[in-house]
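K.L.:
need a 3D model of the following:
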Amino acid sequence: MIFISTLISVVSLVLSVTIAWLTLLRRGALGMTRPMLVGFLHEADQPKIFLRAMLYSTGKRGHIIEALYVKVTQGKKTHTFGFWMYGETGELKVGSGLRVGEDGASLNHHFVQPKRDSSFEFLAGDYTIEGFARILNRRAQVKLSTVKVSLSAEFATTLRDRAKGVLFTWDPDSQEYHSNVLEPPPSEGCSRSASGVGRRKVPWM
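P.N.:
Numbering: from 1, shown residues only. Sure thing, here's the model as predicted:
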């Protein structure tokens, strides 16, 4: 009887510690859902990448993101869009930190290149967009997602008008992104951008 009681106590302790680890102490992994919307547009004459996706954590403690950025591969060249803004329409914030808990955070994410790097332009062809995060107290970056889209020659020409944008929408049936051009409503003209920097905006912002 003493052995059985001791065994039950040990098993109970192990279960309690395991549950505490899984629910309270474990940080888990940081992830990002597939972006349902990907946008090519401009912000104050600078090329900008737009993503609509949810960031989530598999652990209860969550993660604090210090910086989020994307690397855009276009042909043989890769460009880093390191200036990050996030939020909802008309309420964007400069990405100076974001806590992602177990409930996740579904937001608009906007990425712009530093002004010193002006070599990027939207050309026709295939693009690979990789999302990365730097997490507080971690040295290594975390790769969150990879998106592949194709910009047609027609739409690349359209993007020369920086008041317009190209939106890629994920189609779960075909398992690929479909693109279309969006223009600002005539009544708004060259209005203030969502982040407050530029003078142009597109409808999904």
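K.L.:
excluding chain neighbours, what is closest to Ile47?
P.N.:
One thing to correct before we go on: residue 47 is Pro, not Ile. Phe120 (5.2 Å; Cβ to Cβ, 6 or more residues apart in numbering). Any C-beta I mention is one placed from the backbone N, CA and C, and that applies to glycine too.
K.L.:
contacting residues for the one you found?
P.N.:
47, 72, 74, 79, 113 (Cβ atoms under 8 Å, 6 or more residues apart in numbering).
K.L.:
tell me which element the fourth one falls in.
P.N.:
Secondary structure from DSSP states H and E places His79 in strand 77-81.
K.L.:
one more: Thr157?
P.N.:
helix 153-158.
K.L.:
check which element follows that helix along the chain.
P.N.:
strand 165-171.
K.L.:
what packs against that next one?
P.N.:
Helices and strands touching strand 165-171, by 3 or more Cβ pairs under 8 Å, 6 or more residues apart in numbering; DSSP states H and E, are strand 37-43, strand 176-182.
K.L.:
taking strand 165-171 as reference, get the angle to the first one.
P.N.:
Right, the one you point to is strand 37-43. 170 degrees (axes from the mean of the first three to the mean of the last three Cα atoms, to 10 degrees).
K.L.:
check what pLDDT Val142 gets.
P.N.:
What the model reports as pLDDT for Val142 is 90.
K.L.:
I meant to write Arg200 there.
P.N.:
So, for Arg200, pLDDT stands at 42.
K.L.:
over to Glu154?
P.N.:
For Glu154, the predicted pLDDT is 95.
K.L.:
cool, Leu159 as well?
P.N.:
Taking Leu159 on its own, its pLDDT is 93.
K.L.:
what about the residue nearest to it when sequence neighbours are not counted, how many residues nearby?
P.N.:
Once flanking residues are discounted, Leu159 sits nearest to Phe122: 4.5 Å by Cβ to Cβ, 6+ apart. Using other Cβ atoms under 10 Å, Phe122 has 22 neighbouring residues.
K.L.:
try Glu102
P.N.:
13.
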